Structures are given as C-alpha cells and as structure tokens.
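Undergrad: Dropping the sequence and predicted coords here.
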Amino acid sequence: MASNLDEKGLEDAAILLMSLGEEEAAEVFKHLAPKEVQRLGETIAKMKAVPRQRIEKVIDSFEDMAAKESMLVADSNEYVKSVLRKALGEDKANLLIDRILQGSDVTGIESLKWMDPTSVAELLRNEHPQIVAAILVHLEFDQCADVLKMFTERQRNEVMVRIATLDGIQPAALRDLNEVMSKVLAGGDRGKKSSLGGVKAAAEILNMLGSAVETSVLDFVREADNDLAQKIMDNMFTFDDVEKIDDKGIQALMKEVQSESLVIALKGATPGLRDKIFRNMSSRAAETLREDLDSRGPVRLSEVEAEQKEMLKIVRRLVDEGQIVLAGGGDEQFV
C-alpha cells in the first residue's frame with residue numbers, strides 16, 4: 001500500500017497509474033485509502049518528464065508481480081484471516097479482521113476518513129463524549145488526534161477517558177450511532193462486537209497529540225482513575241523510547257529517515273539518544289550530523305515534534321515488519 005512505500009516505491013506506483021490512463025487510474029484510486037490517494041496524488045503532481053526506460057522498467061516489474069499474485073483462493077474470508085494473522089500476529093490481525101469482515105457495519109465512517117479534521121470536529125462538537133469516542137476509534141490514530149485538537153480541553157479530555165475505557169462496540173450501539181449521525185454511520189446486525197477502543201487505542205492517539213496536550217489529558221485521566229492513567233502510559237511509545245531500540249533496529253531506522261528530518265527531530269532528543277544514533281552511523285556520517293546539529297539555529301517546538309512523530313510512524317512500521325523489536329518492562333513490548 002502507498003502508506004508503506006518509500007519515495008521510489010511511490011514514484012513507481014505513480015508512473016504505473018499515469019501509464020494506465022485517466023479512467024483506469026480512477027478505478028484504482030477507488031480501492032485505496034484516503035492517505036494512499038493523497039500521497040499518490042501529491043507524487044503524481046510533482047512528476048514531470050519521466051524517461052521511457054524507467055516507464056518500461058516499472059511496467060515490466062508490475063507484470064512480473066502480477067504473474068506471481070494471480071492465484072485465486074476458494075474462501076477469501078479465511079484466506080485474509082490466515083494471511084493477516086501470520087503477518088501481524090493475533091491481536092493486530094483480529095482488529096483488522098473485524099474492520100474488514102464487518103465492514104458493512106461501519107461503512108458510513110468511510111466518509112469521515114475523507115473529511116478534513118475541522119469538518120469532522122464540527123460534525124461531532126455537540127455530541128456526547130461517549131458518542132464521539134465510539135466514532136473516533138474507527139479513524140486512523142493520527143486523524144483522530146487531529147480532530148481532538150479542534151475540541152476544547154475539557155471535551156478532549158472527556159473523550160480520551162471514554163476511548164481508554166471503551167471495551168468494543170456492540171452492533172446495537174452501531175445502529176444507535178447511525179441514527180445520531182444521520183447515516184454517517186451504518187448499523188450492523190452481527191452478533192460479535194468489534195474490538196475497537198481501549199487503553200492501547202488511547203495511547204496511540206496520545207502519541208499523536210503532542211506533549212502539551214498529552215500532559216493535560218493524562219492529568220485529567222489520573223484525577224479520575226490513576227490506574228487507568230498508568231495503563232495508558234505503559235502502552236505509550238514516545239520519541240525518548242527510541243533509545244531502547246537495539247543497534248540493529250537503529251541502523252534499520254536510519255535507512256528510512258531523511259537527513260533533514262533527523263536533524264530537526266534530534267534537536268529535541270536526549271544526549272543518550274543522540275549518542276546511540278551517532279554510534280550506529282559511519283564516522284563520517286556521524287560527524288556530518290553533529291555539524292548539522294551544531295550549525296542549526298533554534299527550531300520551533302512544533303516542528304521538532306512533527307518530525308519526531310514522523311520518525312515514530314516509521315518505527316511502528318518497522319516493528320510491524322519485524323525489523324525492530326521494542327522491549328518494555330518485563331515481558332511487555334511496545335507496539
């Protein structure tokens with residue numbers, strides 16, 4: 001998917017779509033997620049003249065991949081369950097399987113995924129925090145965080161408490177949400193509740209909100225339920241936790257991060273994290289990075305946090321791909 005592609009992969013995908021023609025490319029876009037459409041659209045817009053040799057190479061590569069992936073399966077539902085569990089592990093796969101196979105229960109939420117955060121916030125602003133929480137847990141964590149930033153501090157905190165304590169959503173509740181949102185949500189009739197919400201979801205969203213908002217939310221939760229606040233914190237992964245990655249993982253991360261982004265992100269890093277990154281670079285690269293850090297003037301905190309968030313997204317992707325293992329306390333793992 002486009003969300004997991006590097007720069008070259010995005011360009012190759014863009015070249016392929018441009019080669020298909022407008023109508024065929026439009027059909028492909030219909031099957032992509034909003035973020036994938038945005039990233040591919042931006043890449044296409046930036047592309048100018050492309051050498052014919054590269055176009056032919058991309059098409060040949062696609063034909064080879066298509067030939068290998070042409071086998072059909074008798075039971076597609078069981079196939080997707082098996083593949084996702086092998087690729088992602090039981091917990092993550094089950095969350096995705098619920099969303100995929102129970103998709104008819106929440107089809108209306110797809111419309112929210114295409115809206116900007118301000119519009120979603122306006123749509124939800126006057127709803128009860130419990131309803132807002134039940135809707136937001138269906139969105140990507142970063143989109144959810146952007147919507148929450150539009151709320152008042154009190155409303156944001158109340159919604160986060162409910163997200164953290166949400167133990168799935170029953171089909172009947174989805175039908176109620178459907179009425180409240182005037183067909184923004186689609187009710188379902190399945191017997192099994194979806195595994196959305198909970199402490200991990202709250203922690204993921206907090207990771208995207210920024211340090212100032214994060215502190216406010218956690219303080220609010222701590223006053224209501226200290227144990228719940230601690231559980232959320234235990235599941236959070238912050239930029240400082242990058243220092244816990246082993247050397248092999250740091251080296252894998254460095255291959256994915258642009259030099260300019262790394263410089264800005266490290267402006268707000270601890271000395272220990274900086275040293276660990278320097279140790280996992282060549283002497284020349286480490287020296288260049290040190291010089292860039294020393295010569296770079298003051299950087300806005302918002303810029304630093306934005307680049308750190310981007311690095312954390314890369315870390316999570318590499319964790320999902322098995323290239324990085326993040327060890328927490330005891331037998332716990334950061335995901």
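TA: Looks like it arrived, so ask away.

Undergrad: Only C-alpha atoms from now on, for both contacts and neighbour counts.
TA: Fine.

Undergrad: Show me what the helix or strand where residue 60 lies is packed against.
TA: Per DSSP states H and E: residue 60 is located in helix 52-68. Secondary-structure packing of helix 52-68 (3 or more C-alpha pairs under 8 Å, 6 or more residues apart in numbering; DSSP states H and E): helix 7-20.

Undergrad: Would you mark the buried spots in the helix it packs on?
TA: For helix 7-20, the neighbour count (16 or more other C-alpha atoms under 10 Å) marks 10, 11, 12, 13, 14, 15, 16, 17 as buried.

Undergrad: Which member of those residues is positioned nearest residue 228?
TA: Residue 228 has its nearest neighbour among the buried residues of helix 7-20 in residue 10, at 40.4 Å by C-alpha to C-alpha.

Undergrad: re the thing from before, the helix holding residue 60: which residues count as buried?
TA: 55, 58, 59.

Undergrad: before we move on, back to that, between the buried residues of helix 7-20, which is nearest residue 243?
TA: residue 10 (29.5 Å).

Undergrad: Mind pulling up the pLDDT for the nearest residue to residue 157 once chain neighbours are set aside?
TA: Setting aside the residues directly before and after it, residue 157 is nearest to residue 217 in space (C-alpha to C-alpha, 6 or more residues apart in numbering), at 5.1 Å. pLDDT, residue 217: 85.

Undergrad: ok, now residue 30?
TA: On the pLDDT scale, residue 30 gets 74.

Undergrad: and it, how far is that from residue 42?
TA: 16 Å (C-alpha to C-alpha, to the nearest Å).

Undergrad: Mind checking which of these two has more residues around it?
TA: Per other C-alpha atoms under 10 Å, whichever of residue 30 and residue 42 has more neighbours is residue 42, with 13 against 10.

Undergrad: Which strand or helix spans the more buried one?
TA: Assigned by DSSP H and E, residue 42 belongs to helix 34-46.

Undergrad: Report the angle between that helix and helix 7-20.
TA: 80 degrees (axes from the mean of the first three to the mean of the last three C-alpha atoms, to 10 degrees).

Undergrad: What is helix 34-46 packed up against?
TA: On a contact count with 3+ C-alpha pairs under 8 Å, 6+ apart, helix 34-46 meets helix 7-20.

Undergrad: Past the helix it packs on, which element shows up next along the chain?
TA: Immediately after helix 7-20, counting by DSSP H and E, sits helix 22-29.

Undergrad: quick one: buried residues of that following helix?
TA: Neighbour counts over helix 22-29 (16+ other C-alpha under 10 Å) mark residue 29 as buried.

Undergrad: try stretch 38-55
TA: 38, 39, 40, 43, 44, 55.

Undergrad: Quick check: of those, which lies closest to residue 245?
TA: Checking the buried residues of stretch 38-55 against residue 245 with C-alpha to C-alpha, the nearest one is residue 39 at 28.4 Å.

Undergrad: tally of neighbours for residue 301?
TA: 14.

Undergrad: Same check on residue 141?
TA: Residue 141 has 20 neighbours, counted by other C-alpha under 10 Å.

Undergrad: got the contact list for it?
TA: By C-alpha atoms under 8 Å, 6 or more residues apart in numbering, the contact set of residue 141 is 201, 204, 205, 208.

Undergrad: do you know how far the last one is from residue 237?
TA: Read it as residue 208. 10 Å.

Undergrad: Residue 226 and residue 232, how far apart?
TA: As judged by C-alpha to C-alpha, residue 226 and residue 232 stand 10 Å apart.

Undergrad: again with residue 22
TA: Separation of residue 22 from residue 232 (C-alpha to C-alpha): 46 Å.

Undergrad: ok, now residue 121?
TA: 24 Å.

Undergrad: how would you label the residue lying closest to residue 222 once chain neighbours are set aside: helix, strand or coil?
TA: Leaving aside its sequence neighbours, residue 222 sits nearest to residue 229 (C-alpha to C-alpha, 6+ apart; 5.1 Å). Following DSSP: H, G, I helix; E, B strand; the rest coil, the label given to residue 229 is helix.

Undergrad: Could you count how many residues lie near residue 229?
TA: Counted with other C-alpha under 10 Å, the neighbours of residue 229 add up to 21.

Undergrad: One more: residue 304?
TA: Applying other C-alpha under 10 Å, we find 19 other residues in the vicinity of residue 304.

Undergrad: Contacts only, for residue 308.
TA: Contacts here follow C-alpha under 8 Å, 6+ apart; on that basis residue 308 touches 239, 265.

Undergrad: and the helix or strand hosting residue 133, C-alpha only, in CSV?
TA: In the assignment (DSSP H and E), residue 133 maps to helix 129-136. As requested, the backbone C-alpha atoms of helix 129-136 are provided in CSV (Å, rounded to 0.1, in the frame of the first residue of the first chain):
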residue,chain,number,x,y,z
PRO,A,129,-18.3,12.4,24.6
GLN,A,130,-19.3,8.7,24.6
ILE,A,131,-20.7,9.0,21.1
VAL,A,132,-17.7,11.0,19.9
ALA,A,133,-15.3,8.3,21.3
ALA,A,134,-17.3,5.5,19.7
ILE,A,135,-16.9,7.2,16.3
LEU,A,136,-13.3,8.4,16.6
